[in-house]
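Participant: predicted structure and sequence below. I'll ask about it afterward.
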Amino acid sequence: MTDALSPTPIEAFSAALTGLVATVAPGIVSVRAKGSRSSGFVWRAGLVVTADDALAEDGPFAITGADGATIPAQLAGRDPTTDIALLRLERTDTLQPVTLAEAAVSPGALALTVGAEDGTPTVASGVVSRASGPWRSLRGGEIDARIDLDQRLRRNAEGGLVLGASGQAIGMAVFGPHRRVLVIPSSTIQRVAATLERQGRIARGYLGLGLQPVALDGGGAGAMVISVDPQGPGAKAGIFQGDIVVAWNGEPVRHLQTLLRALGPGSVSQTVTLDLRRAGQTRQVSLTIAERPAS
């Protein structure tokens, strides 16, 4: 016979979830800027990670912690390709850093996203709908694992911390296409945030060319040069407006996005061979990829 004072399984489950949220709540913050509201978490003392896409382009920035206090913050760096932004706080005494875990997840696993609104925790529950290996974002960012959530998330909870069933923090919740909830995994956050702390940005490759996709006579596709930076790598390689890039290191350029994704951090200083079509003739040029200038 069950003891009348014992919690039911549902009560026990509810209490466990409440306990998980309470554990991380001191490190979850609201992020406010001109025209934007989102969530974030204390990555290290004095540093908050949030979603770049949800953060306004310009400050001033401020965060509100679980104690309700609002603290001014400065932008330490941002990387749109991985959707990670880092804020540096003017005060650090009242906030508790969270511990990120590089834990494997499987489809069907429980996931909680803990965000904040005016410093008060907000929680969304759901399951992992997809888990697979490394991938590149549409902007060319290298993300260590693909994790999708079947979860309904408040707009201002973007940038919140995602917890697995064990309570481990597995990453940050962001919106993908069609408001699908994606997770930027802990390993990606650790790598990118550390670089932003040191350098303020992530190096990206730069061709110095404005490109647009075109269909080729006789079939196939290419990327037409519509503008050339006079000081950029393309100009130095002898590329002109109107040229059509048809191959990159011998591989046909079928999609412009594929070419742009090749311009990740590891591409800087690499020399590549481009096949060009100019006035009906095909020629090859060598181009050394530069680092994209700071905007």
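Facilitator: Nice, I can see it.
Participant: which neighbouring elements make contact with the longest helix seen in the chain?
Facilitator: In the chain, assigned by DSSP state H, the helix with the most residues is helix 9-24. On a contact count with 3 or more C-beta pairs under 8 Å, 6 or more residues apart in numbering; DSSP states H and E, helix 9-24 meets strand 110-117, strand 120-132, strand 161-164. In this view, the C-beta of every residue, glycine as well, is placed from N, C-alpha and C.
Participant: what's that helix in contact with?
Facilitator: 7, 41, 98, 112, 114, 121, 123, 125, 161, 163, 167, 169 (C-beta atoms under 8 Å, 6 or more residues apart in numbering).
Participant: off-centre distance for the lowest-mean-pLDDT helix or strand in the chain?
Facilitator: When the helices and strands of the chain are scored by mean pLDDT, DSSP states H and E, helix 256-261 comes last with a mean of 80. Its chain's C-alpha centre and that of helix 256-261 lie 18 Å apart, by C-alpha atoms, centre = their mean, to the nearest Å.
Participant: then stretch 59-78?
Facilitator: On the basis of C-alpha atoms, centre = their mean, stretch 59-78 is displaced by 19 Å from the centre of the chain it belongs to.
Participant: next, the buried residues of it.
Facilitator: The neighbour-count check on stretch 59-78 (16 or more other C-beta atoms under 10 Å) flags 61-66, 71, 73, 75-78 as buried.
Participant: how about stretch 24-41?
Facilitator: Here stretch 24-41 shows 24-33, 36-41 as buried, counting by 16+ other C-beta under 10 Å.
Participant: then stretch 96-110?
Facilitator: Buried residues in stretch 96-110 (16+ other C-beta under 10 Å): 96-98, 100-101, 105, 109.
Participant: what do you get for stretch 265-283?
Facilitator: 265, 267-268, 272, 274-277.
Participant: dump the residues you listed to CSV, plus distance to residue 15.
Facilitator: Output for those, formatted as CSV (distance: C-beta to C-beta, whole Å):
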residue, distance to residue 15
265, 45
267, 50
268, 51
272, 58
274, 61
275, 64
276, 66
277, 67
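Participant: next, the closest residue to residue 80 other than its chain neighbours: phi, psi?
Facilitator: The shortest distance from residue 80 to any non-neighbouring residue, by C-beta to C-beta, 6 or more residues apart in numbering, is to residue 52 (5.3 Å). Backbone torsions of residue 52, given as degrees, to the nearest 10, read phi -60, psi -40.
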